[in-house]
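[1] Let's see this in three dimensions:
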Amino acid sequence: MLDVGGQDATEAFEDVGHSDEAREILEGLLVGTVKRQPGDPAPKSSAQPTSTKTSGPDAAGLGAGLYAILLVGGALAYFAYSYLQANGADKQ
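    Residues are numbered from 1 along each chain as shown. As a prediction, this is how the structure comes out:
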(Lines give C-alpha, C1' and ligand atoms only; values in the text may rest on other atoms or scores of the structure.)
Protein backbone atom coordinates (compact mmCIF):
# COMPACT_ATOMS: atom_id res chain seq x y z
CA MET A 1 0.00 0.00 0.00
CA LEU A 2 2.83 2.38 0.77
CA ASP A 3 4.35 1.84 -2.66
CA VAL A 4 1.25 3.18 -4.41
CA GLY A 5 0.20 5.85 -1.91
CA GLY A 6 -1.26 8.89 -3.66
CA GLN A 7 -1.59 6.99 -6.93
CA ASP A 8 -4.14 4.86 -8.72
CA ALA A 9 -3.67 1.53 -6.95
CA THR A 10 -6.13 -0.47 -9.06
CA GLU A 11 -3.45 -2.36 -10.96
CA ALA A 12 -1.44 -3.08 -7.81
CA PHE A 13 -4.62 -4.38 -6.10
CA GLU A 14 -5.32 -6.69 -9.03
CA ASP A 15 -1.71 -7.94 -9.21
CA VAL A 16 -1.73 -9.10 -5.60
CA GLY A 17 -4.61 -11.51 -6.20
CA HIS A 18 -6.95 -10.55 -3.38
CA SER A 19 -9.73 -12.86 -2.20
CA ASP A 20 -13.45 -12.36 -2.83
CA GLU A 21 -13.78 -11.20 0.78
CA ALA A 22 -11.21 -8.45 0.17
CA ARG A 23 -13.14 -7.33 -2.90
CA GLU A 24 -16.34 -7.12 -0.83
CA ILE A 25 -14.55 -5.03 1.78
CA LEU A 26 -13.22 -2.78 -0.98
CA GLU A 27 -16.76 -1.99 -2.14
CA GLY A 28 -17.62 -0.70 1.35
CA LEU A 29 -14.52 1.51 1.43
CA LEU A 30 -15.29 3.35 -1.82
CA VAL A 31 -15.74 7.00 -0.96
CA GLY A 32 -16.45 8.30 -4.44
CA THR A 33 -15.17 8.71 -7.97
CA VAL A 34 -13.10 11.70 -9.03
CA LYS A 35 -14.62 13.66 -11.88
CA ARG A 36 -11.80 14.83 -14.10
CA GLN A 37 -12.12 18.03 -16.05
CA PRO A 38 -10.12 19.21 -19.04
CA GLY A 39 -6.79 20.55 -17.85
CA ASP A 40 -6.56 18.34 -14.76
CA PRO A 41 -3.23 16.56 -14.38
CA ALA A 42 -3.28 12.87 -15.25
CA PRO A 43 -3.29 10.52 -12.27
CA LYS A 44 -0.04 8.83 -11.38
CA SER A 45 -0.03 5.24 -12.53
CA SER A 46 1.31 2.36 -10.50
CA ALA A 47 2.40 0.55 -13.67
CA GLN A 48 6.04 1.10 -12.74
CA PRO A 49 7.72 -1.95 -11.24
CA THR A 50 7.44 -1.90 -7.49
CA SER A 51 10.67 -2.04 -5.59
CA THR A 52 11.09 -3.46 -2.15
CA LYS A 53 12.74 -1.14 0.31
CA THR A 54 14.11 -3.92 2.48
CA SER A 55 17.38 -5.72 2.22
CA GLY A 56 15.92 -9.12 3.09
CA PRO A 57 13.62 -11.29 1.02
CA ASP A 58 10.74 -11.01 3.45
CA ALA A 59 10.28 -7.79 5.43
CA ALA A 60 7.22 -9.11 7.29
CA GLY A 61 9.18 -12.11 8.51
CA LEU A 62 11.91 -9.85 9.84
CA GLY A 63 9.37 -7.74 11.73
CA ALA A 64 7.65 -10.78 13.21
CA GLY A 65 10.99 -12.30 14.19
CA LEU A 66 12.10 -9.10 15.88
CA TYR A 67 8.80 -8.91 17.75
CA ALA A 68 9.20 -12.51 18.90
CA ILE A 69 12.76 -11.84 20.11
CA LEU A 70 11.58 -8.83 22.10
CA LEU A 71 8.74 -10.83 23.61
CA VAL A 72 11.00 -13.71 24.65
CA GLY A 73 13.60 -11.27 25.98
CA GLY A 74 10.96 -9.51 28.06
CA ALA A 75 9.75 -12.82 29.49
CA LEU A 76 13.31 -13.84 30.38
CA ALA A 77 13.94 -10.49 32.05
CA TYR A 78 10.74 -10.85 34.09
CA PHE A 79 11.65 -14.34 35.30
CA ALA A 80 15.21 -13.29 36.10
CA TYR A 81 13.88 -10.34 38.12
CA SER A 82 11.40 -12.60 39.95
CA TYR A 83 14.13 -15.13 40.69
CA LEU A 84 16.48 -12.47 42.06
CA GLN A 85 13.73 -10.97 44.19
CA ALA A 86 12.83 -14.35 45.68
CA ASN A 87 16.46 -15.22 46.48
CA GLY A 88 17.21 -11.74 47.79
CA ALA A 89 14.27 -11.89 50.24
CA ASP A 90 15.54 -15.21 51.66
CA LYS A 91 18.93 -13.75 52.60
CA GLN A 92 17.54 -10.91 54.71
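
[2] Tell me where the longest helix sits in this structure.
    helix 59-91 (DSSP state H).

[3] Ramachandran angles for D8?
    phi -70, psi 110 (degrees, to the nearest 10).

[4] burial count for it?
    Counted by other C-beta atoms under 10 Å, the residues lying close to D8 total 15. For glycine as for every other residue, the C-beta is placed from the backbone atoms N, C-alpha and C.

[5] next one: F13
    By other C-beta under 10 Å, 16 other residues sit near F13.

[6] State the pLDDT value of it.
    Per-residue pLDDT puts F13 at 79.

[7] Contact partners for it?
    Shown in contact with F13 (C-beta atoms under 8 Å, 6 or more residues apart in numbering): L26.

[8] thought D3 was touching A12?
    Yes. Counting by C-beta atoms under 8 Å, D3 touches A12, with 7.1 Å between them.

[9] Show me which of these two is the more surrounded one.
    It is A12, of D3 and A12, that has more neighbours when counted by other C-beta under 10 Å, with 16 against 13.

[10] Quick check, pLDDT for R36.
    At R36, pLDDT is 80.

[11] Please, which helix or strand holds it?
    Taking DSSP states H and E as the definition, R36 sits outside all helices and strands.

[12] cool, V31 as well?
    Counting by DSSP H and E, no helix or strand carries V31.

[13] Please name the residues that touch it.
    Listed by C-beta under 8 Å, 6+ apart, V31 has no contact partners.

[14] Let me know the distance separating it from A80.
    According to C-beta to C-beta, to the nearest Å, V31 and A80 sit 51 Å apart.

[15] next one: P38
    On the measure of C-beta to C-beta, P38 and A80 end up 70 Å apart.

[16] In terms of neighbours, single out the busier of those two.
    A80 (10 against 4).
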